[in-house]
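> below is the sequence, then the predicted model.
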Amino acid sequence: MSQRSNMQPDVTREQLLRAAADLILAQGLQAVTLDAIARRAGVTKEDLQHHFQTKPILLDALFDDATQRFAAAVAAEMEKDPDARGRGTRAYLRVTVSAPADDGDAHVMRSLIGLMLSDPEVRELWSSIWDEAREAQLSPEEQASPELTLCRLAIDGLWMSDLLEHRTVSSQTRAAVIQRIEELTRK
């Protein structure tokens with residue numbers, strides 16, 4: 001193992017996850033190898049395999065890391081909101097629409113969405129992780145509410161549009177949609 005990996009294992013792990021996401025986005029999952037990820041991250045393949053023995057293990061870690069980051073951001077937003085009705089949905093809205101499309105986490109999410117759309121196994125993994133995170137964040141009443149479900153589906157549409165850099169909605173209309181969703185969570 002390189003001296004760099006010994007001294008900063010968390011930094012190396014993060015570099016490996018970012019390198020994997022970058023390569024998947026640029027080349028597609030099938031073209032990405034452990035060797036390519038190691039080169040992109042600036043570590044040896046042995047260093048990579050110290051953290052992730054196989055490509056599927058690395059992909060699982062990439063999904064887990066992205067989900068944990070997102071869930072932590074939603075939980076932090078929920079703590080700031082004194083109104084219990086729709087709290088989880090509002091937090092989901094705020095976190096989802098606040099990240100610029102070019103930030104690192106959005107970049108990772110774009111890579112994962114591409115995988116999810118093209119690979120049934122990845123889609124199943126993502127669905128189970130996402131379902132668990134949603135259940136932890138939403139009260140039973142919020143999960144059962146058709147209005148709040150509609151809001152979350154609209155938020156997902158905004159998120160997907162942002163991640164795919166699909167800009168057919170003006171910034172003014174987008175802001176009005178976000179405001180309307182927020183209002184609906186309070187009814």
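Structure received.
> quick check: what element follows the helix or strand in which Glu135 is found along the chain?
In the assignment (DSSP states H and E), Glu135 maps to helix 120-137. As assigned by DSSP H and E, the chain's next helix or strand after helix 120-137 is helix 140-144.
> C-terminal to that next one, which secondary structure element comes first?
Per DSSP H and E, helix 140-144 leads on to helix 146-163 as the next helix or strand towards the C-terminus.
> what angle separates the lengthiest helix in the chain from helix 120-137?
Criterion DSSP state H: the longest helix present in the chain is helix 55-80. Helix 55-80 and helix 120-137 are oriented at 20 degrees to each other (axes from the mean of the first three to the mean of the last three Cα atoms, to 10 degrees).
> for the next helix or strand after helix 55-80, which outside residues touch it?
Sequence order places helix 87-98 as the next helix or strand after helix 55-80, per DSSP H and E. For helix 87-98, contacts defined as Cβ atoms under 8 Å, 6 or more residues apart in numbering pick out 70, 73-75, 77-78, 81, 83, 137-139, 142, 148, 151-152, 155-156, 158-159, 162, 178, 181-182, 185. In this view, the C-beta of every residue, glycine as well, is placed from N, C-alpha and C.
> give me the distance from helix 87-98 to the chain's centre.
13 Å (Cα atoms, centre = their mean, to the nearest Å).
> relative to Cys151, how far out is the residue lying closest to Asp156 once chain neighbours are set aside?
Spatially, and ignoring its direct neighbours in sequence, Asp156 is nearest to Thr96 (8.0 Å; Cβ to Cβ, 6 or more residues apart in numbering). Distance of Thr96 to Cys151, computed by Cβ to Cβ, to the nearest Å: 11 Å.
> more crowded one of these two?
Cys151 (24 against 20; other Cβ atoms under 10 Å).
> hang on, isn't the more buried one packed against Lys187?
No - judged on Cβ atoms under 8 Å, Cys151 makes no contact with Lys187 at a distance of 10.0 Å.
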